[in-house]
Each structure stands twice: as C-alpha cells, then as structure tokens.
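Asker: sequence plus the predicted model coming up.
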Number of protein chains: 2
Amino acid sequence: MKIGFIGLGSLGTPIAINLQESGHMLFVYNRTKSKTQPLTSKGAIACESIAALAKECKIVFSIVSDDAALKSISEGNDGLINNLEKGSIHISMSTILPQTAKNISELHTQQQQHYISAPVFGRPEMAMARKLNFVYSGDQAIRSEIEPLLQNAGASGVWDFGNDVMAANTVKLCGNFLIASMLESIGESVNLAKKSNVDPQKMWDMLTQTLFNVPLYKNYSNIVIQQKFTPPAFTAKLGLKDMKLVLEQASIVNNSMPLAELLRNNMQKLVDSGKAELDWSAVSMSQ
Amino acid sequence: MKIGFIGLGSLGTPIAINLQESGHMLFVYNRTKSKTQPLTSKGAIACESIAALAKECKIVFSIVSDDAALKSISEGNDGLINNLEKGSIHISMSTILPQTAKNISELHTQQQQHYISAPVFGRPEMAMARKLNFVYSGDQAIRSEIEPLLQNAGASGVWDFGNDVMAANTVKLCGNFLIASMLESIGESVNLAKKSNVDPQKMWDMLTQTLFNVPLYKNYSNIVIQQKFTPPAFTAKLGLKDMKLVLEQASIVNNSMPLAELLRNNMQKLVDSGKAELDWSAVSMSQ
C-alpha cells in the first residue's frame, strides 16, 4: 500500500521504518530534509512538499511536535486537506488538544476525507521493538480499516476509544499527566532517601519488586537515581508542552488539577534553567 | 515461642493471627480490650497491662497508630522499656518518624534491650493472604534473629535496610508518599476523563494493561472510579498523618517536596470536610 508519512522525529522515524518493513511503499516528508535519509535509503520516496505527498497517497500518517505544527501540515494551500483525494484517511499520532483534533477532523470531513486520532504511548526503543500502544478514535468504519496499519506501525496494543475523535487525545493527555506525576514522585522520594542516608537504589529495588513492579517505574527510577538525563527519550520541552495541554483541557471542561499545575510549574522551571533538551525526568533536579 | 503483641488494629489483628497460626504463644495487649477477642478465642492470653505482657515475653511486636502511641507504650513506668528483661527485642511495625525510632531505640539500648524498625506495606487482606512486605533495619545480629518471625507474621517479602534503625522508617514514608501521589494522579485523571466524555473505566482498563500494569494501580483506580471509599483499607486520617510525617522528615533533612505539600493539603481538606474515616483514595473528591 502507498502510505504517506509526515514527521520523522525520534519517534516518527522508527514508526515509519516499521511501516516500511511491513511491506508498504512510503512517501515521506519532513521539514528538515536530511531526516528522510534512513527511509529513502531503504526505498522510500522523499517528497518536496506535503502537496506532492498527498497526491501520491490515500493514507497519510502524521506525528508532529504540537498543535500548531499539525495545523500547518493540514491546512493552507500546501496542506493535506487541500491536496488529498476524497476518501483519503489522515491518521494523526501527535499529542494535541482534543479540540484541535475535532477542528481538523471537521475540515477533512468537509472535503469528504477522514481523520483518525491515534496518539501513541512508547519511547523510540519501544517503537523499534514493536511494543507501542496506540489509543485511537474516530469514525467506526475507518477505525476498522486502519487498525491493521497500526499493527504494521509497531503496535503491541491498539485501544479503541470509539467514534469521538477527541477521546483518544484526552486519554493520551491523561497518560502523559500520569507519567509526569510519577516522575515528580520518584524525584522527591529519591531526594528524600538520599538526604536521609538511605541508598535510593536499594529503596527502589524494593519498590519495583513490590508496589511498583512495572517497567515504567523501573526505567525512570534508574534514570533519576543515575541522573542519566541525556540523550533524552522525551524532552523537558515536550513535557512542558504536554502539561500545558493537560491544563488547557482541564480549563475547557472545568476540572481542577492542582497536581498538573505543580508539574507544569516544575517543567517550566526546568526549561527556564536551560535544561529544555534534557529528558523530562530531570524534573527531579528542579527542586 | 512466647511473643507479645501490642496494637490490634485492622492490620495488627491479621498479623497477630498469622504469628499465632505459625505456632507461637501470643500475649496480647490493646487499649480497647474487646479487640483481643479474635486472638484469645484461639488461645492467646490477653494482658491487663503492657508491664504484665513485658514480664511474659522476650520478643514483642508493636503496631500502633502514631509516634505518640508508640512512645506511650514504650516509655513510662508501665512501658516496655521499664518492664522488658535484658536482651529482649521490640519489633516496631508502626509508620513513624525515623527520629522517633532512633530515640526509642536508644532508650531500649540503655536497658540492654534491642529495637528493630520493621514497618510494613500491605492492606489487611494482604496480611490475611500472607503477602505483606516488611522493610526492616537495626542491629545486624538482631535483624538475623527476627527475620524468621517476620516470615511468620505474614511476609511475602522482607527487605533489609541495614544497621541504621531510622532507614526502614524513611523507606516506609517514601512508599506511602508514592502511593498518595498515585492516588492524587488517578483522581485528577479520572475527573478529567469523565468531564471530557471519556469513560474512565475504559481508559484505566487500558492503562492498567499497559503503562501501569500493577495491582496497586488496578485496585485504586477501581476504587476511585466506583467511589467505593468505605470500608476504608487505610483512612484519610492516617493518610494525613503520614503526609505530615513525610514533610516533617523532609524539613529535618532540608528536602523540598512540593508534591508532598500538595498531598498534605488535599488530605487535610478531606479530613476537614468530615471525611476522615473514608479510604484515603477519596482524596480524588477533594477537588
């Protein structure tokens, strides 16, 4: 199948490679053109513009850094909406505000195109190991059609959240909020243990064999204890962006989220102190 | 072996029963005498005073509600320290400030007695299923001696934190802080999902099969979604007490813990609103 792919960042690239290795013909676009090389070296076509890509493909995956970037690749003369054929499907994996998904979905619908929200949980190495989890929502017939493509993209799990195109984005924001909460709690506990003359590694060896016996806690407690914040799997800058999205969504639906506010403030401090490109678990250093 | 047991609360009682069922002869004491009945009905001796208990046993377990209660059973004319024989061992399972453990340990040492910190992770039903986790610290020779007794008490895991009698208490405070952090994050995420028209149960079914695939998150997300805050496994009142201890320890060692402050404030709101006896996961209602 001819598949378009926009956004070859640290997570986009291994996902695109998974699609390619599943036998699809890829047409790729990225603002920084050099990033297309890992794909073109294996036979993908690098497109000069989104319009050129849209003319080749009826299915386009996108994974870009924020709401503005998604709007920019979707709208305007050179965007997907003005250039995709009728019946085409835009599978949008970016972490964005639910309302943005709804707006772009409606613009696609006006052109008789389809939009599916399919944000993804997993770090780059999990993409390579095909252990991603996609949460997805949108029109039912289209959801069924694209589900096998999510498998091709590297899913170990696909989680259907129904017709509301906003639903999957809400779940993704909740997930990232929960991970950020975990990072803050790990950071404060590691610092308390250290200052109380308790070996934090010994403490976390116990905790991750008992209460928190799950890879997420194991990986991040190790990173925090060893202060291995580079190379980042997910930057503080992106973490700050996501906490802002969580609070924006909370504001839209009138939900009080004092913990999300605290996380946003601490991520902001980290970014302001020049550490925007460290892994977001470096938030433990902001205390 | 003749074993003394002080503190037959919701967790103390099943632990005492475990010791009894492991073949030990129990001498029990509780402020509210009626609570000794489940033990005496199976052959334990209810003691009229701590002094009377201390005269019978060279090993005494205690699990009481706070630092003041531990001081009260340990110090004074009728306390353990004035009444235990030389060489006796006090195994203290209460969640207390590390410094309190150190103070009481030193008083025992002055009488040539021994004190081991052995706080415990697990809800009452986990005690009944012998799935508790004890973290323990104190003098090495005594630690080795009492380890089999922790197994008898219902341990599925015993975690040795060395000679410093304060270490195990620090670890226990960190653990309860981490659980409280999790409760706050679950609560805020459930409320955000609901208000965004996402089924929180469906969302948490996904999360507990992926990122947070661990019983602690499964149990508590269910409790929060179903708002089953009674009967409590651990009350808001005790949660507030523990967050105060965490902050007291943080203050002693000069550790900034903004998340612990937030948790303390939210637990305080819950208690102030007349919900002190609900399960501490009801903190999700304080928003």
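Answerer: Yes, it's here. Numbering: from 1, shown residues only, chains lettered A, B, ... in the order given.
Asker: list the contacts for the residue lying closest to A:Glu184 once chain neighbours are set aside?
Answerer: Distances taken as C-beta to C-beta, 6 or more residues apart in numbering or on different chains place B:Leu259 nearest to A:Glu184, at 5.2 Å, with adjacent residues excluded. (Glycine included, C-beta is placed from N, CA and C.) Under the criterion of C-beta atoms under 8 Å, 6 or more residues apart in numbering or on different chains, the contact list for B:Leu259 reads A:Glu184, A:Ser185, A:Glu188, A:Leu259, A:Leu262, B:Phe177, B:Ser181.
Asker: of all those residues, which two lie farthest apart?
Answerer: Largest separation among those by C-beta to C-beta: A:Leu262 and B:Phe177, giving 14.2 Å.
Asker: which one's more surrounded, these two?
Answerer: More neighbours surround B:Phe177 than the other of A:Leu262 and B:Phe177, with 26 against 19 (other C-beta atoms under 10 Å in any protein chain shown).
Asker: for that one, what are phi and psi?
Answerer: As for B:Phe177, its main-chain torsions (degrees, to the nearest 10) stand at phi -60, psi -40.
Asker: isn't it right up against B:Met243?
Answerer: Yes - applying C-beta atoms under 8 Å as the test, B:Phe177 and B:Met243 come out as touching, 7.2 Å apart.
Asker: now the common contact residues for the two.
Answerer: Shared contacts of B:Phe177 and B:Met243, defined by C-beta under 8 Å, 6+ apart, comprise B:Ala260, B:Leu263.
Asker: quick check: closest non-adjacent residue to A:Leu207.
Answerer: Among residues not flanking A:Leu207 along the chain, B:Gly175 sits closest, at 6.6 Å (C-beta to C-beta, 6+ apart).
Asker: oh, that last question was meant for A:Ala118, not what I typed.
Answerer: Here the nearest residue to A:Ala118 in space, its sequence neighbours aside, is A:Tyr136; by C-beta to C-beta, 6+ apart that works out to 4.1 Å.
Asker: chain center to whichever strand or helix holds A:Ala16: distance?
Answerer: Using DSSP states H and E, A:Ala16 maps to helix A:12-21. How far helix A:12-21 lies from its chain's middle: 15 Å, per C-alpha atoms, centre = their mean, to the nearest Å.
Asker: what helices or strands is it leaning on?
Answerer: strand A:2-6, strand A:25-29, helix A:37-40, strand A:59-62, helix A:124-128, helix A:140-152 (3 or more C-beta pairs under 8 Å, 6 or more residues apart in numbering or on different chains; DSSP states H and E).
Asker: can you list the ones you listed in JSON lines and add distance to chain B, mean pLDDT and mean neighbour count?
Answerer: Output for the helices and strands packed on helix A:12-21, formatted as JSON lines (distance: least, C-beta to the nearest C-beta, whole Å; pLDDT from 0 to 100; neighbours: other C-beta atoms under 10 Å in any protein chain shown):
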{"stretch": "strand A:2-6", "distance to chain B": "24", "mean pLDDT": "98", "mean neighbour count": "25"}
{"stretch": "strand A:25-29", "distance to chain B": "27", "mean pLDDT": "98", "mean neighbour count": "22"}
{"stretch": "helix A:37-40", "distance to chain B": "27", "mean pLDDT": "95", "mean neighbour count": "17"}
{"stretch": "strand A:59-62", "distance to chain B": "21", "mean pLDDT": "98", "mean neighbour count": "24"}
{"stretch": "helix A:124-128", "distance to chain B": "11", "mean pLDDT": "95", "mean neighbour count": "17"}
{"stretch": "helix A:140-152", "distance to chain B": "14", "mean pLDDT": "97", "mean neighbour count": "17"}
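Asker: save these as a markdown table, and put in distance to B:Lys86 too.
Answerer: Output for these, formatted as a markdown table (distance: least, C-beta to C-beta, whole Å):
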| stretch | distance to B:Lys86 |
| --- | --- |
| strand A:2-6 | 76 |
| strand A:25-29 | 79 |
| helix A:37-40 | 73 |
| strand A:59-62 | 75 |
| helix A:124-128 | 58 |
| helix A:140-152 | 70 |
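Asker: Three-state assignment for the residue of the stretch 1-150 of chain A found nearest chain B, please.
Answerer: Here the residue of the stretch 1-150 of chain A nearest chain B is A:Asn133; by C-beta to the nearest C-beta that distance is 4.8 Å. Secondary structure state of A:Asn133, per DSSP: H, G, I helix; E, B strand; the rest coil, is strand.
Asker: show me where the stretch 51-200 of chain A has helices.
Answerer: With DSSP state H, counting those that start in this stretch as the criterion, the stretch 51-200 of chain A has helices at A:67-74, A:80-83, A:98-110, A:124-128, A:140-152, A:167-195, A:200-207.
Asker: just checking, what packs against the fifth one?
Answerer: What that stands for is helix A:140-152. If you count contacts as 3+ C-beta pairs under 8 Å, 6+ apart, helix A:140-152 packs onto helix A:12-21, strand A:59-62, strand A:89-92, strand A:114-117, strand A:132-136, strand A:155-160.
Asker: just the angle for the longest one relative to helix A:140-152, thanks.
Answerer: It refers to helix A:12-21. Here helix A:12-21 points in a direction 90 degrees away from that of helix A:140-152 (axes from the mean of the first three to the mean of the last three C-alpha atoms, to 10 degrees).
Asker: for helix A:12-21, output the C-alpha coordinates as CSV.
Answerer: Taking Å, rounded to 0.1, in the frame of the first residue of the first chain, the C-alpha atoms of helix A:12-21 are listed here in CSV:
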residue,chain,number,x,y,z
GLY,A,12,8.2,9.1,13.9
THR,A,13,11.3,7.6,12.3
PRO,A,14,11.1,4.1,13.9
ILE,A,15,7.4,4.0,13.3
ALA,A,16,7.9,4.9,9.6
ILE,A,17,10.5,2.2,9.4
ASN,A,18,8.1,-0.3,10.9
LEU,A,19,5.5,0.5,8.2
GLN,A,20,8.2,0.2,5.5
GLU,A,21,9.4,-3.1,6.9
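Asker: please point out which parts of it sit buried.
Answerer: Buried residues in helix A:12-21, defined by neighbour count with 16 or more other C-beta atoms under 10 Å in any protein chain shown: A:Gly12, A:Thr13, A:Pro14, A:Ile15, A:Ala16, A:Ile17, A:Asn18, A:Leu19, A:Gln20.
Asker: what residues are up against the nearest residue to A:Lys194 once chain neighbours are set aside?
Answerer: Leaving out its chain neighbours, the residue that sits closest to A:Lys194 by C-beta to C-beta, 6+ apart is A:Pro200, at 5.5 Å. Listed by C-beta under 8 Å, 6+ apart, the contact set of A:Pro200 reads A:Ser189, A:Val190, A:Ala193, A:Lys194, A:Ser221, A:Ile225.
Asker: how about these, which pair is most distant?
Answerer: A:Lys194 and A:Ser221 (12.8 Å).
Asker: ignoring the adjacent residues along the chain, who's closest to A:Tyr217?
Answerer: A:Tyr217 sits nearest to A:Thr208 (C-beta to C-beta, 6+ apart), 5.3 Å away.
Asker: between A:Lys194 and A:Ser221, which is the more surrounded one?
Answerer: Comparing A:Lys194 with A:Ser221 by other C-beta under 10 Å, the one with more neighbours is A:Ser221, at 25 against 15.
Asker: model confidence for the more buried one, exactly?
Answerer: A:Ser221 carries a pLDDT value of 98.
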